[in-house]
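Peer 1: Sequence first, then the predicted structure:
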Amino acid sequence: MSIHNQTLLNDAGILHLEGASVVIVYTEWNDAVVGELAAGCERVLDQHQVRHTKVRVPGSFELPFACKQIWEQTKGTGAQPSAIVAFGCVIRGETPHFDYVCKAVTDGILQLNLELPVPVIFGVLTVNNEEQATDRLGGAHGHKGEEGALTALKMISFQRQLLKSIK
């Protein structure tokens, strides 16, 4: 099954995307992997005709700050995103650095989801080696970039449907 067909099978529940926009925040670190995550996300957003922009930061630790700044800098301008997708890849090394970075970025994205009025999608791979990372770019574990886009679209739809049901 091609990635395109796999994506179409998983897009149930995506409604009301008129005027939606997504910001993709991605890291320089582990560029080959993260670049493909972002590209997969863009493919799905293009398929659903959702506007998107990309912002690049040095590493995964910087993702929560960048996501928050994107929201803060666009607040009140009419250019606020409907969702933000954060992509990075942290590969375990020989020191505890992996654990600290993974916890910090996970906690940071969680905090943003509780504070910001738009969903921030966690698209950070936390893997033991490069092979596990590439397995998540369309291999046995699916394409996590495409999944990040679908999650963003479903959360935009969820938020819009919730707003309609309250009115």
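Peer 2: That came through, no problem.
Peer 1: okay, CA-based contacts and neighbour counts for the rest of this
Peer 2: Will do.
Peer 1: In this protein, mark out all the strands, start to finish.
Peer 2: Here the chain has its strands, by DSSP state E, at 21-27, 51-57, 83-91, 120-127, 137-139, 142-143.
Peer 1: Which positions within stretch 24-40 qualify as buried?
Peer 2: Going by neighbour count (16 or more other C-alpha atoms under 10 Å), the buried part of stretch 24-40 is 24-30, 33-38, 40.
Peer 1: Check stretch 133-147 too.
Peer 2: Across stretch 133-147, burial judged by 16+ other C-alpha under 10 Å covers Ala133, Thr134, Arg136, Leu137, Gly138, His143, Lys144, Gly145, Glu146, Glu147.
Peer 1: can you give me the end-to-end distance of that stretch?
Peer 2: 14 Å (C-alpha to C-alpha, to the nearest Å).
Peer 1: got a list of contacts for it?
Peer 2: With C-alpha atoms under 8 Å, 6 or more residues apart in numbering as the test, stretch 133-147 has contacts from 3, 7, 33, 36-44, 87, 89, 123, 125, 127.
Peer 1: From the chain's centroid, how far away is that stretch?
Peer 2: Relative to the centre of its chain, stretch 133-147 is centred 13 Å away, using C-alpha atoms, centre = their mean, to the nearest Å.
Peer 1: what does stretch 119-136 give?
Peer 2: 11 Å.
Peer 1: now the end-to-end length of that stretch.
Peer 2: For stretch 119-136, the first-to-last residue distance is 22 Å (C-alpha to C-alpha).
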